[in-house]
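# I would like to see how this sequence folds:
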Amino acid sequence: MKAVTENELENMNAERKAVLLDMLNVQVLAAPVAGFGTKRSMQMDFEVEWTQKWDLNLLNASQTEMQDYVTYMFFRSQFGVAYHFVEESVFQQFAHNVEANYKDVPYHCFPHAVDVLFTVFRLLQLTRAGKWTGEIEQYALLVASLCHDLGHFGRTNQFLVEIKHELALRYNDKSPLENMHRAMLFQLCQHGDTDVFAFATPEQQKEARKIAIAAILHTDNVHHFDMVKDVSAVYEMESGLCDSQAISPEVITQPYHERVLQGKNKMMWLQLFLHFADVSNPLKPFDICMSWAWRVLDEFFDQGDEEKDLGIPVGMLNDRHKVNRPGSQHGFINFLVAPFVAASVRVFPGLQPLHSQMIRNLE
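Residues are numbered from 1 along each chain as shown. Here you go, the predicted model:
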């Protein structure tokens, strides 16, 4: 059992509650709260053109422009609820410290962090998440998105395990990078001048931490195919509701809301959105898609050069003299991204245009 609802918990005896909460650390899902999304309207973003399209190219943005995009999404947009949890000046100091902790590497850099943040923001828009998530859930996911690769230095988990890197030893070879990223996020929050959860209640802080930790962990691709399986299982169980939702994706029906979006599925959708955003380059307009694709290969090639220097096996995508760049992207899209996107679109039909763009990019 991974989670229980508050209603289920009420019907349990004290001994069973103690085992679930104190020994197994089972997640307690809050009961649905009326009025989600009523305070801030999706209409407020319509006049800000870049929030309505996928052609925001963060590789062409200056540092000031990137920080402006970040501030807008956290404070001015329909999901701009940060002011409930932190002063804007404190948040901006946090954002600048986050930027300083991203390394100057080809791919896992600050523009990538802002790109993933923007993508999660758009996913929240397109799935009408203001109607089925609470403010602390939205905020925690956006914070996790901005921080999901904090401190990344351009090497893979497999490489760190192979060379017995300090992070691999510290985290017992289990997602060493992702564990580092989420630890760095909450280390920043230990300081008053960068605590982005300063105004949150203890319960909100606990919930935000749970969401951020889980979402960042699930950016490790070792969880990818389990996520595809879990999303597909939801569709198989509720295919009728999902297919009906596809007819009018802009209106969330009550059965779809209750049986697909809420309850034990909700945490999975928050994890899905961050992982989806993290592998979303093939879903963007082709010039953006290709720019990021070449950058990730450049980072792989840098690792391959080091692997050769160390005399350890060179990863299949890491040899700059052997890898066919377009072929590598065909493999990445067909094997990894396409099944995931197809499963996600069946549950969230409003994301269908991203699937269509992926097909065009593949061609």
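# when you work out contacts or count neighbours from here on, use the C-alpha atoms and nothing else.
Fine.
# now do the contacts for residue 80.
Contacts here follow CA atoms under 8 Å, 6 or more residues apart in numbering; on that basis residue 80 touches 72, 73, 74.
# oops, could you answer that again for residue 246 instead?
With CA under 8 Å, 6+ apart, residue 246 has these contacts: 348, 349, 350.
# so what's residue 215 up against?
Applying CA under 8 Å, 6+ apart to residue 215 gives the contacts 141, 144, 270, 271, 272, 274, 275.
# and the first one, that one's in a helix?
Yes. Counting by DSSP: H, G, I helix; E, B strand; the rest coil, residue 141 is part of a helix.
# my read: it touches residue 212, true?
Yes. Counting by CA atoms under 8 Å, residue 141 sits close enough to residue 212 to count as a contact (6.1 Å).
# hmm, back to that, narrow the contacts of residue 246 to those in helices?
Residues of these located in helices (DSSP state H): none.
# any idea which of these has the most stuff around it?
Neighbour tally across these (other CA atoms under 10 Å): the maximum, 24 neighbours, falls on residue 348.
# need the nearest residue in space to that residue, chain neighbours excluded.
Using CA to CA, 6 or more residues apart in numbering and skipping the chain neighbours, the partner closest in space to residue 348 is residue 127 (6.6 Å).
# before we move on, the earlier item: turn the contacts of residue 80 into TSV, including secondary structure, distance to residue 109 and pLDDT.
As requested, these are exported to TSV (DSSP: H, G, I helix; E, B strand; the rest coil; distance: CA to CA, whole Å; pLDDT from 0 to 100):
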residue	secondary structure	distance to residue 109	pLDDT
72	helix	20	97
73	helix	19	98
74	helix	20	98
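# measure residue 304 to residue 109 for me?
Using CA to CA, to the nearest Å, we find residue 304 at a distance of 19 Å from residue 109.
# ok so, going back, from the contacts of residue 215, which two are the most distant?
The largest separation in the contacts of residue 215, counting by CA to CA, is between 144 and 272 at 12.6 Å.
# looking at those two, which is more packed in?
The residue with more neighbours, out of residue 144 and residue 272, is residue 144; 26 against 22, by other CA under 10 Å.
# I figured that one hits residue 212, correct?
Yes. At 5.0 Å, residue 144 and residue 212 qualify as touching, with contact defined as CA under 8 Å.
# what's the overlap in contacts for these two?
Joint contacts of residue 144 and residue 212 (CA under 8 Å, 6+ apart) are residue 182.
# picking that back up, who's more crowded, residue 304 and residue 109?
Neighbours were counted for residue 304 and for residue 109 using other CA under 10 Å; residue 304 has more, 23 against 20.
# ok, how many other residues are close to the closest residue to residue 316 other than its chain neighbours?
Spatially, and ignoring its direct neighbours in sequence, residue 316 is nearest to residue 323 (7.8 Å; CA to CA, 6+ apart). Neighbourhood size, residue 323 [other CA under 10 Å]: 14.
# quick revisit: mind putting the contacts of residue 246 into TSV with distance to residue 173?
Listed next are the contacts of residue 246 as TSV, based on distance: CA to CA, whole Å:
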residue	distance to residue 173
348	34
349	37
350	38
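# which of these sits closest to residue 175?
Checking these one by one against residue 175 (CA to CA), the nearest turns out to be residue 348, at 28.2 Å.
# where exactly do the helices run in the stretch 101-250 of the chain?
All helices of the stretch 101-250 of the chain, identified by DSSP state H, counting those that start in this stretch, fall at 110-126, 135-147, 157-162, 166-170, 176-188, 202-217, 224-237, 239-247.
# contacts for the longest helix seen in the chain?
Ranked by number of residues, the top helix in the chain under DSSP H is helix 286-310. Helix 286-310 is contacted by residues 55, 57, 105-107, 154-155, 281-283, 313-315, 317-320, 325, 329, 361 when judged by CA under 8 Å, 6+ apart.
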